[in-house]
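Asks: Model the structure of this input:
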Amino acid sequence: MGTVTVTRYQRIGNRDYDSITLRNKNGMQATILNYGATLAQLTVPNQDGRELNLILSLRQFSDYDKERNYLGGTVGRIIGRMAGGQWQDGDVTHQFELNDGPNHAHGGREGFDTQLFTYQTREAGQSATVMLDLLDVAGHNGYPGNLHLTVTYTLDDQNTLHYGVHATTDVRTLCNPANHVYFNLNGADTICQQNLQVNADDYLPLDEQDIPSLGIRTVTGSPFDLRKGRLLGDVLAASDTQITQQGGLNHPFLLSKQNPAAILTSTDGQRRMTMATTAPAVVVYTANHFKHKGYAANIGRYDGVALEAQFPPSADRHLRPITLMPGNEFNAHTSWHMDF
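Replies: Now for the predicted structure:
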């Protein structure tokens, strides 16, 4: 039976910052923060029965609002980069804040992952759920329209964590949110000896501004061919310019099938994560920028891999695939099934 436990870990400005732990009958647990609709911990019992956390986490929940690291956060209104921070909306050019070099990224300085959500919980016979709700008001971070966002996490007794995002707007706007969780199925050390399979025939190379403006490339014959699975360390050690200039993977993979989209396996083969998604692409990012600094001092380079299910970034400033119209709905679903 699925159970839910709620704990207040801090209170700021008369607002409660809570952790919500979903637990299934097999001992798997997912802890979500109402700050940023953040997946903060994902644990399974290891061979001696102790809890093993399979994602990158800060040392304490109260650190998440002190410094922005995107760890497990729901990132939006759009995840990824917007070239020059510009959206060409018909005859109107919207200029957004440039918070990532020459680009706008991850929704701006006050993206979804920095907001406090309201929430409700539900326990069912074979699952446990938390539904988190946010109204992102018109003009926040420069985005037009009031966007109503609902994020749902459900942990079932089949050891699958489901993540759903639903959004509506009253004015035409941009919408491409996604979760930014980093996995490390060893629970420690780097992901270099873990095997990653991504079911993608093509990927998008990045230009010097980190924008995919260079067209579509086949993965065939390149280090990006993960269709049969490869050790991530072998990929990271490749001499391909696309990898060396990024210091690792940071690339959109165009999915040839969504189920499964990706499979990650621990070094000892004892744990496996199978990911499915309704999104057309997964951006694979190997935690290239972490340097054991600040509130993330416990995290270093290549300590985890993010598999960000989304519409891929684009050099086309019309951004039609991620434009949300009044009367329409944005719906996306990703699931992570754990074998352990």
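Asks: Identify the residues contacting residue 81.
Replies: Residues in contact with residue 81 (Cβ atoms under 8 Å, 6 or more residues apart in numbering) are 100, 103, 104, 105, 210, 211, 313. All C-beta atoms are positioned from the backbone trio N, CA, C, and that covers glycine.
Asks: Might you report the residue contacts of the residue nearest to the last one when sequence neighbours are not counted?
Replies: Right, the one you point to is residue 313. Of all residues not flanking residue 313 in the chain, residue 80 sits nearest, at 4.2 Å (Cβ to Cβ, 6 or more residues apart in numbering). By Cβ under 8 Å, 6+ apart, the residues touching residue 80 are 105, 106, 176, 283, 308, 310, 312, 313.
Asks: per-residue confidence for residue 80?
Replies: Looking at residue 80, its pLDDT is 91.
Asks: tell me which of the contacts of residue 80 is nearest to residue 114?
Replies: residue 106 (9.7 Å; Cβ to Cβ).
Asks: Quick check: bridge partners of the closest residue to the closest one other than its chain neighbours?
Replies: Excluding the flanking residues, the one nearest residue 106 by Cβ to Cβ, 6+ apart is residue 75, at 4.9 Å. Judged by DSSP bridges, the bridge partners of residue 75 are residue 178.
Asks: how many neighbours does residue 75 have?
Replies: 26 (other Cβ atoms under 10 Å).
Asks: wait, what's in contact with it?
Replies: 106, 107, 111, 112, 113, 177, 178, 179, 180, 308.
Asks: next one: residue 230
Replies: Here residue 230 is in contact with 195, 196, 197, 223 (criterion: Cβ under 8 Å, 6+ apart).
Asks: Report how many residues lie close to the closest residue in space to residue 158 that isn't next to it in sequence.
Replies: Of all residues not flanking residue 158 in the chain, residue 337 sits nearest, at 7.2 Å (Cβ to Cβ, 6+ apart). Residue 337 has 17 neighbouring residues, counting by other Cβ under 10 Å.
Asks: For residue 337, give me phi and psi.
Replies: phi -100, psi 130 (degrees, to the nearest 10).
Asks: Over to residue 201?
Replies: According to degrees, to the nearest 10, residue 201 has phi -90, psi -20.
Asks: So residue 242 lies in a strand, does it not?
Replies: No. Under DSSP: H, G, I helix; E, B strand; the rest coil, residue 242 sits outside any strand and is assigned helix.
Asks: Could you tell me the per-residue confidence at it?
Replies: So, for residue 242, pLDDT stands at 98.
Asks: I figured it hits residue 206, correct?
Replies: Yes. Shown here, residue 242 and residue 206 form a contact pair, counting by Cβ atoms under 8 Å, at 6.7 Å.
Asks: nearest spatial neighbour of residue 301, skipping sequence neighbours?
Replies: residue 290 (5.5 Å).
Asks: Tell me the spacing between the one you found and residue 256.
Replies: Residue 290 sits 30 Å away from residue 256, going by Cβ to Cβ, to the nearest Å.
Asks: So what's the residue count around residue 244?
Replies: Neighbour tally, residue 244, other Cβ under 10 Å: 11.
Asks: That one and residue 222: what is the separation?
Replies: 13 Å.
Asks: do residue 73 as well
Replies: 31 Å.
Asks: How about residue 140?
Replies: For residue 140, the distance to residue 222 - Cβ to Cβ - is 40 Å.
Asks: Please apply the same query to residue 256.
Replies: When residue 256 is compared with residue 222 (using Cβ to Cβ), they lie 15 Å apart.
Asks: Just the buried residues of stretch 226-240, please?
Replies: In terms of neighbour count (16 or more other Cβ atoms under 10 Å), stretch 226-240 has its buried residues at 226, 230, 231, 232, 235, 236.
Asks: ditto for stretch 182-190
Replies: In stretch 182-190, counting by 16+ other Cβ under 10 Å, buried: 182, 183, 184, 185, 186, 190.
Asks: Kindly report the same for stretch 188-206.
Replies: Result for stretch 188-206 [16+ other Cβ under 10 Å]: buried residues 190-192, 194-200, 202-206.
Asks: and the residues you listed, which two are the farthest apart?
Replies: 190 and 202 (27.3 Å).
Asks: about what we covered before: so the residue nearest to residue 301 is in contact with residue 299, correct?
Replies: Yes. Here residue 290 lies in contact with residue 299, judged by Cβ under 8 Å, at a distance of 4.6 Å.
Asks: Nearest residue to residue 187 in space, please, no chain neighbours.
Replies: residue 52 (4.4 Å).
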